[in-house]
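> below are the sequence and a predicted model for it; my questions follow.
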Amino acid sequence: MSGFDFTRRRFMSAAAAAAGVTLAPGVTLYGIGAAARELDAPASADIRWGLLIDVNRCTDGCNACVTACIEENGLEGHGRPATDAQWIRKVRVRNPKTGAEKHLPVMCQHCAEPPCVDVCPTGASLKRADGIVLVDKHICIGCRYCMLACPYKARSFIHENLSDQKPHAPRGKGTVESCTMCVHRVDAGGTPACVEACGEKGNGAMLFGDLNDPGSEISRRIATYATRQIRGDLGVDPGVWYQNL
Amino acid sequence: MRALVLLLVFLAVPAAAVAQDGRIPGPVIPKGKGEQCVAETDYMRRFHMVELTHQRDETMQRGVRAKRFSLKECVACHASTGTDGKPVSINAPGQFCASCHAYAAVTIDCFQCHASKPEDGEQARLPAPLPMTAAAGPETVR
């Protein structure tokens, strides 16, 4: 982006902070310091979207995030768990020595160094400038290398013809897909559906925010409390953090 | 000279026939909901696929969400409403996309993945805005 545009956007954002939410007729900024960007602006590399999940608050039996994801992205399956698409799942971890159990949601971890992107032969598996890892299904050939490369088992392959997809979540047979961090909501200044559902119907265990902004709540909590990434030792630097795990 | 005139007559006939005199059946295209399209009709007829492909890469890879050549917006405007008040698939026989593409014998893959009708009450389902942070100053603004 040119320096001019950057200056203009900073000015517009600052003006919005002072003047309120509506800049001009038809131009509305949802929030400041969030994804308040114009529709024709690309995703910014200044931002890295991430999630923080407080595992102590995530309980056995609560499935609000999974249900919300299915509803939001139209992931209704065919009753075949082995092959149905699954963007987020609840995982139970147990320490065999102590018997301590934890329950946590696991989805695409939106790695900074995503192995799925490394292995993709067509460039369909991609990481956006703001850290969201996506599949460009237009050029995905369905080879499923990324599914093998992913250490988190986060991706699904679509085996069947689909109809009545959601307008904001195109999906089709023969391509791989995974959690998009609800990129359509994030681009509009919102939060992912799972985070919203966890706050409303669940236990408020999930937090969404900008990992690059040291002042954001997610960054402050990661800096303050004992948090970790799943398999942080792999060096892929996931964007999803877990507290009390 | 005579050959040139004949050539011109032959060139002129197909366009006129499709457009007006009905001797060659042309596609019957349902009208969109809006006042006018995002570009001239002639341009859209010839280049809509180029614009859609360009927009697709911009949106998918760079996160640009400009609405002008967004497929979702095309569908929202051009999908017609059935007698039951529900939107009809834009790719159904006789509908906006299918009528022309059947005529031109060009298959389209868009709607294997993309929704071919607008979602019910789509405008009412915008995502919840993030709360405003009071402490945000220009240095934290992006």
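Arrived safely, thanks for sending.
> strands of chain A, start to end?
In chain A, the segments counted as strands under DSSP state E are A:22-24, A:27-28, A:49-54, A:88-94, A:101-107, A:125-127, A:133-135, A:156-157, A:176-177, A:206-210, A:227-228, A:240-243.
> what would those strands look like in TSV with mean pLDDT?
Below are the strands of chain A laid out as TSV (pLDDT from 0 to 100):
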stretch	mean pLDDT
strand A:22-24	47
strand A:27-28	44
strand A:49-54	97
strand A:88-94	95
strand A:101-107	95
strand A:125-127	97
strand A:133-135	97
strand A:156-157	96
strand A:176-177	97
strand A:206-210	96
strand A:227-228	95
strand A:240-243	96
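> in JSON lines, list those strands along with mean neighbour count.
To be clear about C-beta, it is placed using only N, CA and C from the backbone, and glycine gets the same treatment. Formatted as JSON lines, those follow (neighbours: other CB atoms under 10 Å in any protein chain shown):
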{"stretch": "strand A:22-24", "mean neighbour count": "11"}
{"stretch": "strand A:27-28", "mean neighbour count": "13"}
{"stretch": "strand A:49-54", "mean neighbour count": "24"}
{"stretch": "strand A:88-94", "mean neighbour count": "14"}
{"stretch": "strand A:101-107", "mean neighbour count": "18"}
{"stretch": "strand A:125-127", "mean neighbour count": "20"}
{"stretch": "strand A:133-135", "mean neighbour count": "24"}
{"stretch": "strand A:156-157", "mean neighbour count": "19"}
{"stretch": "strand A:176-177", "mean neighbour count": "24"}
{"stretch": "strand A:206-210", "mean neighbour count": "24"}
{"stretch": "strand A:227-228", "mean neighbour count": "16"}
{"stretch": "strand A:240-243", "mean neighbour count": "23"}
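> using PDB, list the CA coordinates for stretch B:59-75.
Taking only C-alpha atoms (Å, rounded to 0.1, in the frame of the first residue of the first chain), the coordinates of stretch B:59-75 have been written out as PDB:
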ATOM      1  CA  THR B  59     -10.700 -11.400  -2.200                       C
ATOM      2  CA  MET B  60      -9.400 -14.800  -1.600                       C
ATOM      3  CA  GLN B  61      -5.700 -14.000  -1.400                       C
ATOM      4  CA  ARG B  62      -5.500 -10.400  -0.300                       C
ATOM      5  CA  GLY B  63      -8.800 -10.000   1.600                       C
ATOM      6  CA  VAL B  64     -10.100  -7.200  -0.600                       C
ATOM      7  CA  ARG B  65     -13.900  -7.200  -0.200                       C
ATOM      8  CA  ALA B  66     -14.900  -4.600  -2.800                       C
ATOM      9  CA  LYS B  67     -18.500  -5.200  -3.700                       C
ATOM     10  CA  ARG B  68     -18.500  -4.000  -7.300                       C
ATOM     11  CA  PHE B  69     -17.600  -7.300  -9.000                       C
ATOM     12  CA  SER B  70     -18.400  -9.600  -6.100                       C
ATOM     13  CA  LEU B  71     -20.200 -12.800  -7.100                       C
ATOM     14  CA  LYS B  72     -22.300 -12.500  -4.000                       C
ATOM     15  CA  GLU B  73     -23.600  -9.100  -5.100                       C
ATOM     16  CA  CYS B  74     -24.300 -10.400  -8.600                       C
ATOM     17  CA  VAL B  75     -26.400 -13.200  -7.200                       C
END
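> what's in contact with it?
A:39-43, A:126, A:128-130, A:134, A:136, A:138, A:167-168, A:183, A:187-188, B:38, B:48, B:51-52, B:54-56, B:58, B:90, B:110, B:114-118 (CB atoms under 8 Å, 6 or more residues apart in numbering or on different chains).
> and it, average pLDDT?
The average pLDDT for stretch B:59-75 rounds to 92.
> stretch A:112-119 too?
97.
> can you list contacts of that stretch?
Here stretch A:112-119 makes contact (CB under 8 Å, 6+ apart) with A:48, A:125-127, A:131, A:133, A:145-151, A:155, A:235-239.
> that older thread, rebuild the strands of chain A as TSV, extending it with distance to residue A:221.
Shown next, in TSV, are these (distance: least, CB to CB, whole Å):
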stretch	distance to residue A:221
strand A:22-24	31
strand A:27-28	29
strand A:49-54	6
strand A:88-94	21
strand A:101-107	16
strand A:125-127	24
strand A:133-135	22
strand A:156-157	30
strand A:176-177	30
strand A:206-210	7
strand A:227-228	7
strand A:240-243	7
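> where's residue A:72 relative to residue A:222, distance?
Distance of residue A:72 to residue A:222, given as CB to CB, to the nearest Å: 26 Å.
> show me which of the contacts of stretch A:112-119 are buried.
A:48, A:125-127, A:131, A:133, A:145-147, A:149-150, A:155, A:236-239 (16 or more other CB atoms under 10 Å in any protein chain shown).
> hmm, stretch A:232-241 in reach of chain B?
No - counting by CB under 8 Å from any CB of the partner chain, chain B has no neighbours in stretch A:232-241; the shortest distance is 15.5 Å.
> and the pLDDT at residue 14?
If you meant another chain, say so; for now it's chain A. For residue A:14, pLDDT reads 45.
> that was the other one, I meant chain B.
The model's pLDDT for residue B:14 equals 42.
> repeat that for residue A:233.
Confidence score, pLDDT, at residue A:233: 95.
> repeat for residue B:86
So, for residue B:86, pLDDT stands at 87.
> and what of residue A:245?
Checking the pLDDT column for residue A:245, the value is 88.
> tell me where the model's unsure across chain A.
By pLDDT under 70, the low-scoring segments of chain A are A:1-36.
> could you do chain B as well?
In chain B (pLDDT under 70), the answer is B:1-22, B:120-142.
> ok, residue B:95 to chain A distance?
Here the criterion is CB to the nearest CB, to the nearest Å. By it, residue B:95 lies 15 Å from chain A.
> if I look at that residue, how far off is residue B:78?
8 Å.
> pull the contacting residues for residue A:166.
Residue A:166 touches A:72, A:73, A:74, B:115, B:119, counting by CB under 8 Å, 6+ apart.
> okay, now the second one: neighbour count?
Just to be clear, that refers to residue A:73. 22 (other CB atoms under 10 Å in any protein chain shown).
> distance of it from chain B?
When residue A:73 is compared with chain B (using CB to the nearest CB), they lie 12 Å apart.
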